[in-house]
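>>> Fold the following for me, if possible:
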Amino acid sequence: QVHLVERGGGLVQAGGSLRLSCAVTERTFSSLSMGWFRQAPGKEREFVARISRSGKTTGYADSVQGRFTVSRDNAQNTGYLQMNSLKPEDTAVYYCAARNGPSSDSGSAYNLWGQGTQVTVSS
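You can find the predicted model right below:
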C-alpha cells in the first residue's frame with residue numbers, strides 16, 4: 001500500500017518561507033505524478049501546484065505563481081513545495097497527492113493523498 005507522508009508545515013510571519021515535503025512509500029515513485037492542494041477553513045480544496053513524473057513539467061495556480069516552486073527527488077522518493085513570500089491568505093491545510101498518470105490540476109484525478117499539514121501565515 002502506498003503512503004504519502006507530509007512534513008514541514010508550521011507558523012510563519014508574512015513574507016517568510018516554508019518548505020513542505022511529501023515522502024512516498026513507493027519504490028516506483030518515478031511512475032507517479034504529483035500535485036499539491038490546499039484547503040482553508042470554510043473553503044473548498046484548491047489546486048496549488050503539480051509536477052510531472054520526470055519533474056520536467058510543472059504547473060501553478062495563478063495565486064502562487066512566482067512565489068511557490070514544486071520539485072521532486074526521484075532518488076529520495078520525495079516531493080517538495082517551496083513556499084516563499086508567504087501571505088496570510090496562504091493559510092490552509094496543504095495536501096500532497098499522487099497518481100499513476102499525467103499530472104493534473106484536478107484533485108479528483110489523484111487517488112493517493114497525504115494526511116495534510118497545517119500552514120499558518122500571520123500578518
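
>>> And the residue most central in space within the chain, which helix or strand is it part of?
By C-alpha atoms, centre = their mean, the chain has its centre lying nearest to Trp36, at 2.8 Å. Per DSSP states H and E: Trp36 is located in strand 33-39.

>>> Which other helices and strands does that strand contact?
strand 18-24, strand 46-51, strand 68-73, strand 78-83, strand 92-99 (3 or more C-beta pairs under 8 Å, 6 or more residues apart in numbering; DSSP states H and E). The way it works is simple: take the backbone N, C-alpha and C, and place the C-beta from them, glycine included.

>>> Partner strands of it and their direction?
Strand pairing for strand 33-39, determined by DSSP bridges: strand 46-51 (antiparallel), strand 92-99 (antiparallel).

>>> what packs against the helix or strand just after the longest one?
Downstream of strand 92-99, the first helix or strand assigned by DSSP H and E is strand 112-113. Counting contacts by 3+ C-beta pairs under 8 Å, 6+ apart, strand 112-113 is packed against strand 92-99.
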